[in-house]
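*Asks:* Provide a 3D model corresponding to the input given below.
(chains A and B)
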There are 2 protein chains.
Amino acid sequence: MNSDFEVTILGTSAATPSKDTWLSGHYVRAKNLHILIDCGEGTQFQMLRCEISPLKLTHILITHLHGDHYFGLIGLLSSMCLQRREQPLHIFAPSGLDEIITIHAKHSHIIFPFPIHFHPLPDSPSILWEDEEWSIHHFSLNHRIFCQGFLIQEKPPKRKILRDKLPQDFPFQQFPLLQEGKDVVFNDILYKNEEVTTTAYLPRSYAYCSDTSYFEEIIPFIQNVSLLYHESTFIDKDSETAFSTYHSTSVHAATIAQKANTKHLIIGHFSTRYKDLTIFLEEAKSIFPNTHLAESGKVFGIEKSI
Amino acid sequence: MNSDFEVTILGTSAATPSKDTWLSGHYVRAKNLHILIDCGEGTQFQMLRCEISPLKLTHILITHLHGDHYFGLIGLLSSMCLQRREQPLHIFAPSGLDEIITIHAKHSHIIFPFPIHFHPLPDSPSILWEDEEWSIHHFSLNHRIFCQGFLIQEKPPKRKILRDKLPQDFPFQQFPLLQEGKDVVFNDILYKNEEVTTTAYLPRSYAYCSDTSYFEEIIPFIQNVSLLYHESTFIDKDSETAFSTYHSTSVHAATIAQKANTKHLIIGHFSTRYKDLTIFLEEAKSIFPNTHLAESGKVFGIEKSI
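*Replies:* This next block holds a predicted model:
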């Protein structure tokens, strides 16, 4: 069953592709929002395979300007042109990507038939976008170049009304006030919100952290998230390489998930030096049992819970 | 058996990829030359699958700056960096691609550890490169933007010496002169070259023509080539669309092959609107029987003949 909030893994490899793997890209559906996070070369191929139309994307978020995270963007935008997209597209990315898109468009004679709203990512954490139900935030990771993590956060849903706590003739016009958490007076009786409503479900959230070294400063931003994606380029025995390249190990990712009290963890961005990924999962699970391996094409639903 | 002159098809689709096809890219091995012609997004993935190392490429030729012919280049160059390539690389491409590479490198913090010799393609036909055995030429196609075809031409091989036409004591130090086609005097006897040597084999050649409308002006450049690749984006019934988009049909490609007296023809760059490619082959073969369909991963050897 499809969830109304789900993450599709498009690629799992760090740096360069291998014969069977793809580069970074996650597609996030959050009800009416269709968000692509990172867009390594070949992302549009994987979207085709996963039957995700580029035309429905509303937002593209790019963490940083290493090629394995954005070289697929210009091809994706070009395909949107050929598909005669008209709907505006919001791109949140490090400053500089706008210049890259402009230079390609100049030499390839691309005229975008749809508005591209390019938003350079600020240095300090901020809310990038919000509507009534969702907000998109960013925060700094610790990589060799400017690199940002993203949080897609559901706003508190409408409260669920407990009909048996209300009289039969309670006016339904007052329901929206109760759903918003307010108290209501009817026939001179005060109906206190916490007595006549209950939490529908806990707001859900998804955080994406790639690429970064072990960096506890991100924990306040990802505290209690429903699903955390944290890069795990290396296994524990290669932690020195992780340190020197500003990447993380399976142990680092799991430790962050544990300290941030997240519900689930996906690890990915695996170095192609490892042919068997079992050890990544074993190492991470020994610290954080709810760990899952990123696999191209795999969908993670983020279900409602109380 | 591997030939010392062969073409590997990396991608066959026009404009956008489909679920199962890739964009333009041909790898040509001509003895010690390793040439990539065009480099659509995903070309490096296909090279991995075909076990062609980017490190051995000596030349990259780009026909024009529509994305399906070059969007994969920056990813390929980036992977060469990660693989610590040191050998120089010659790129022949329309002016502008150098600026695109430079802007990417600036924002992605790429420092190429190998020399890139960028050669902008001249407007008029010329020899781009040559050594003792091969020459690479370009000539104009007729597309919406500046677009060039390429010819990889073998130089006449050394002549084969007919030992039974020479005396036993004929000095072997004179053999190179005979192989170069010269007459030789020994013991006051003139040995005329055409009497004591024979053609080893006919020089071989490969021409690449994509993208272009039907354009007879290319015929002098591709006359008698061993193997011609000519784009065939459309089938005959869609010739009006071919005309308006400056592309060719199967009938156009086959007619050019026939008029240029080529030995074999490969057609490719198929529009993804066609699910079954049989009709392309049937239409082309009705005019030029030695037609072959481009298929990703397929290798065409160009054998020696007299």
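
*Asks:* Can you say which helix or strand has the closest residue to residue A:230 other than its chain neighbours in it?
*Replies:* Leaving aside its sequence neighbours, residue A:230 sits nearest to residue A:253 (C-beta to C-beta, 6 or more residues apart in numbering or on different chains; 3.9 Å). (C-beta placed from N, C-alpha, C; glycine too.) In this assignment (DSSP states H and E), residue A:253 forms part of helix A:250-259.

*Asks:* which of the residues in that helix are buried?
*Replies:* For helix A:250-259, burial by neighbour count (16 or more other C-beta atoms under 10 Å in any protein chain shown) applies to A:250-258.

*Asks:* Turn these into a markdown table, columns for pLDDT.
*Replies:* Shown next, in a markdown table, are those (pLDDT from 0 to 100):
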| residue | pLDDT |
| --- | --- |
| A:250 | 98 |
| A:251 | 98 |
| A:252 | 98 |
| A:253 | 98 |
| A:254 | 98 |
| A:255 | 98 |
| A:256 | 98 |
| A:257 | 98 |
| A:258 | 98 |
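
*Asks:* Can you tell me which residues in chain A are near chain B?
*Replies:* Chain A has residues A:15-19, A:41-42, A:44-45, A:48-49, A:65-68, A:71-72, A:74-75, A:78-79, A:82-83, A:94, A:96-97, A:99-100, A:103-104, A:106-110, A:144-145 near chain B, with proximity defined as C-beta under 8 Å from any C-beta of the partner chain.

*Asks:* Pull out the buried members of those.
*Replies:* A:15-17, A:41-42, A:44-45, A:48, A:65-68, A:71-72, A:74-75, A:78-79, A:82, A:94, A:96-97, A:100, A:103-104, A:107-108, A:110.

*Asks:* Could you tell me which of these belong to helices?
*Replies:* The members of those that map onto helices under DSSP state H are A:44-45, A:48, A:74-75, A:78-79, A:82, A:97, A:100, A:103-104, A:107-108.

*Asks:* from these, which is closest to residue B:89?
*Replies:* Nearest to residue B:89 among these: residue A:107, at 19.9 Å, using C-beta to C-beta.

*Asks:* For residue A:177, what is the enclosing helix or strand?
*Replies:* helix A:175-179.

*Asks:* List the buried residues for that helix?
*Replies:* Neighbour counts over helix A:175-179 (16+ other C-beta under 10 Å) mark A:175, A:178-179 as buried.

*Asks:* With stretch A:292-306 instead?
*Replies:* For stretch A:292-306, burial by neighbour count (16+ other C-beta under 10 Å) applies to A:292-294, A:296, A:300, A:302.

*Asks:* what is the rounded mean pLDDT of it?
*Replies:* For stretch A:292-306, mean pLDDT rounds to 94.

*Asks:* Stretch A:239-247 too?
*Replies:* For stretch A:239-247, mean pLDDT rounds to 96.

*Asks:* which residues are contacting it?
*Replies:* Stretch A:239-247 has contacts (C-beta atoms under 8 Å, 6 or more residues apart in numbering or on different chains) with A:14, A:142-144, A:211-214, A:231, A:233-234, A:248-249, A:251-252, A:269.

*Asks:* Tell me the one among the residues you listed nearest to chain B.
*Replies:* residue A:144 (7.6 Å; C-beta to the nearest C-beta).

*Asks:* The closest residue to that closest one other than its chain neighbours: how many residues sit nearby?
*Replies:* Among residues not flanking residue A:144 along the chain, residue A:246 sits closest, at 4.8 Å (C-beta to C-beta, 6+ apart). Other residues near residue A:246 come to 18 when the count uses other C-beta atoms under 10 Å in any protein chain shown.

*Asks:* Check residue A:114 too.
*Replies:* The number of residues near residue A:114, taken as other C-beta under 10 Å, comes to 15.

*Asks:* for the one 3 residues further on, same thing?
*Replies:* The number of residues packed around residue A:117, counting by other C-beta under 10 Å, is 10.

*Asks:* Starting from residue B:206, give me the distance back to it.
*Replies:* Separation of residue A:117 from residue B:206 (C-beta to C-beta, to the nearest Å): 46 Å.

*Asks:* so how far does stretch A:298-306 reach from one end to the other?
*Replies:* One end of stretch A:298-306 to the other measures 25 Å (C-alpha to C-alpha, to the nearest Å).

*Asks:* From the contact counts, what lies against the host helix or strand of residue A:118?
*Replies:* Assigned by DSSP H and E, residue A:118 belongs to strand A:116-120. Applying 3 or more C-beta pairs under 8 Å, 6 or more residues apart in numbering or on different chains; DSSP states H and E, we find strand A:116-120 packed against strand A:89-93, helix A:97-108.

*Asks:* contacts for that strand?
*Replies:* Applying C-beta under 8 Å, 6+ apart, the set of residues contacting strand A:116-120 from outside is A:77, A:88-95, A:97-98, A:101, A:128.

*Asks:* Would you give the sheet partners of that strand, along with the direction of each?
*Replies:* Strand A:116-120 pairs in its sheet with strand A:89-93 (parallel), by DSSP bridges.

*Asks:* Can you mark which positions in the strand it pairs with are buried?
*Replies:* For strand A:89-93, by 16+ other C-beta under 10 Å, it's A:89-93.

*Asks:* Using the three-state scheme, assign the residue nearest to residue A:144.
*Replies:* Assigned with DSSP: H, G, I helix; E, B strand; the rest coil, residue A:246 falls in the coil class.

*Asks:* hang on, the earlier thing: possible to save the buried residues of helix A:175-179 as a markdown table with pLDDT?
*Replies:* Output for the buried residues of helix A:175-179, formatted as a markdown table (pLDDT from 0 to 100):
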| residue | pLDDT |
| --- | --- |
| A:175 | 95 |
| A:178 | 95 |
| A:179 | 94 |
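
*Asks:* want to throw those residues into CSV with distance to residue A:238?
*Replies:* Shown next, in CSV, are the buried residues of helix A:175-179 (distance: C-beta to C-beta, whole Å):
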residue, distance to residue A:238
A:175, 57
A:178, 55
A:179, 51
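
*Asks:* Out of the residues you listed, which comes closest to residue A:133?
*Replies:* residue A:179 (13.4 Å).

*Asks:* Distance-wise, check the residue of the stretch 101-250 of chain A found nearest chain B relative to residue B:233.
*Replies:* Taking C-beta to the nearest C-beta, chain B has its nearest neighbour within the stretch 101-250 of chain A at residue A:107, 3.7 Å off. For residue A:107, the distance to residue B:233 equals 22 Å [C-beta to C-beta].

*Asks:* quick one: residue A:149 is in a strand?
*Replies:* Yes. Residue A:149: assigned to a strand according to three-state DSSP.

*Asks:* ok, it touching residue A:142?
*Replies:* No. If you go by C-beta atoms under 8 Å, residue A:149 and residue A:142 don't touch, sitting 10.0 Å apart.
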